[in-house]
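Enquirer: Have a look; sequence and predicted model below, questions after that.
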Amino acid sequence: MTADVTIVGGGILGCVIARELADRLPGARLVVLDQDMVGSGASRRSAGLHIPRGATGRVRRMTSYSQAWYERLLAGHPELPIRPVDMFVVGSGEDPPAAYVDDARLEPFDGPREHVPTGARMWRAHGAQYADVYQLTRALAAGLRDRVEIRESARVNALESTSDGVVVRLDSGERVVSRRLVLAPGPWLSSGAWRDLVAPLGARVKKVVALHVDGPVPPDAGVVVYEDVDAFLLPLRNAGHWLFSYTCQEWDVDPATVACGLSTHDIEEAGRALRDCAPSLVDRNGSGRVFCDAYSTTREPLVTALADDRVVFAGAANGSGYRLAPAIADEVAELLVPAPHR
């Protein structure tokens, strides 16, 4: 099989990249390969929270771009599982945190302080939303199938650059010869097919843990972002519980080993973080989700050409794959689409 562009990875990032390239290259043969089912990896376990902030100027620009992209997407497809949510930022400083985009319009908030540590300051912000990333990814893939060939359970076991292009060899014995290749593998950085290729990027894989905290979840509840400790409490009204995500510091994990359930250590560590942020909820947690994601050395997403420039790596989004996917896809397209197509 031949392709103009092959995308390895069918998570939210891979599918948004495929959509962007299909829009910019009408008539091109595009192929998406996923080792499992579309959206079944880190995308399935993602909190799917979009917060209008970024630690650097580039990430803030990417945040604003992605926020506008999702707003347009939802306006055209209101049935998609993207839900705007009120947002409250909590911190110890006198001034509002500086990392938020201008459109977030942080303003002091003197309303109810449930789930806010004693003595903390509180600001209301605008522009937050969350999504069921698995269902959204599946919906995006379904909408692409008339323009993009999507192959599931297609595990890549080797990549080879030849005079004809990049040869992708699958476990099934099939070969895909592609002019250009996009690697969007999520946390699967250590796959033998591309481990040596991506190693110079220095990206690492970190465990991500979130607790499911039993309700009640008021219909008007907003997400609380704990700025000082990099955590958030998200009301999942459709699921009937809260989701508390904190910053786990377990690094260099294998994605194949972390999706099998919360460990005692996970529950205890997350419980201590929850006690510091929202002590009234501590006795309500007993379940949750665990997965992992790829992180860059700069804490900015990586969009970069590898080897002989036929291969582009896209990812290491530092836990923000859903939030920044549209902007990452735009940067990938800028690398791949020649000027005559623009």
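Expert: Ah, there it is. Residues are numbered from 1 along each chain as shown.

Enquirer: Does Ile7 belong to a helix, a strand or coil?
Expert: The three-state label given to Ile7 by DSSP: H, G, I helix; E, B strand; the rest coil is strand.

Enquirer: got the contact list for it?
Expert: Ile7 makes contact with Gly14, Ile17, Ala18, Leu21, Leu30, Val31, Val32, Leu33, Leu181, Val182, Ala184, according to CB atoms under 8 Å, 6 or more residues apart in numbering. C-beta: built from backbone N, CA, C; applies to glycine.

Enquirer: what would the residues you listed look like in CSV with neighbour count, secondary structure and distance to Pro200?
Expert: What follows is those, written out as CSV (neighbours: other CB atoms under 10 Å; DSSP: H, G, I helix; E, B strand; the rest coil; distance: CB to CB, whole Å):
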residue, neighbour count, secondary structure, distance to Pro200
Gly14, 33, helix, 22
Ile17, 30, helix, 22
Ala18, 27, helix, 26
Leu21, 23, helix, 25
Leu30, 22, strand, 27
Val31, 22, strand, 26
Val32, 27, strand, 25
Leu33, 24, strand, 23
Leu181, 28, strand, 17
Val182, 28, strand, 18
Ala184, 29, coil, 18
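
Enquirer: Among those, which one sits closest to Leu144?
Expert: Ala18 (5.7 Å; CB to CB).

Enquirer: what are the ranges of the helices in this structure?
Expert: Assigned by DSSP state H, the chain shows helices spanning 12-24, 42-45, 57-76, 133-144, 195-198, 255-258, 264-277, 321-336.

Enquirer: Bridge partners for the residue nearest to Ala221 when sequence neighbours are not counted, pull those for me.
Expert: Counting by CB to CB, 6 or more residues apart in numbering, Pro235 is the residue found nearest to Ala221 once chain neighbours are left out, at 3.8 Å. For Pro235, the beta-bridge partners are Trp242 (DSSP bridges).

Enquirer: got it, and Arg121?
Expert: Under the criterion used (DSSP bridges), Arg121 bridges to Gly91.

Enquirer: what's near enough to touch it?
Expert: Val90, Gly91, Ser92, Gly93, Glu94, Pro108.

Enquirer: Now do stretch 162-171: distance to the chain's middle.
Expert: 28 Å (CA atoms, centre = their mean, to the nearest Å).

Enquirer: Identify all contacting residues around stretch 306-317.
Expert: By CB under 8 Å, 6+ apart, the residues outside stretch 306-317 that reach it are 9, 13, 17, 159, 161, 165-166, 179-186, 197-198, 201, 203, 293-296, 301-305, 321, 323-325, 328-329, 331-332, 335-336.

Enquirer: thinking again about what came up before, between the helices of the chain, which one is closest to Asp103.
Expert: Of the helices of the chain, nearest to Asp103 by CB to CB is helix 57-76, at 6.7 Å.

Enquirer: just to revisit the earlier point, so which of the contacts of Ile7 comes closest to Asp132?
Expert: Closest to Asp132, out of all of those and judged by CB to CB, is Gly14, at 17.4 Å.

Enquirer: what residue ranges in the stretch 151-300 of the chain score low on pLDDT?
Expert: For the stretch 151-300 of the chain, no stretch has pLDDT under 70.

Enquirer: residue ranges for the strands of it, please.
Expert: 156-162, 165-170, 175-183, 204-214, 223-226, 231-236, 241-245, 285-295 (DSSP state E, counting those that start in this stretch).

Enquirer: Setting aside sequence-adjacent positions, which residue approaches Pro255 most closely?
Expert: The shortest distance from Pro255 to any non-neighbouring residue, by CB to CB, 6+ apart, is to Pro187 (4.5 Å).

Enquirer: give the contact list for the one you found.
Expert: Applying CB under 8 Å, 6+ apart, we find Pro187 in contact with Gly41, Ala42, Val205, Pro255, Phe291, Cys292, Asp293, Ala294.

Enquirer: give me that answer again for 7 Å
Expert: By CB atoms under 7 Å, 6 or more residues apart in numbering, the contact set of Pro187 is Ala42, Val205, Pro255, Cys292, Asp293, Ala294.
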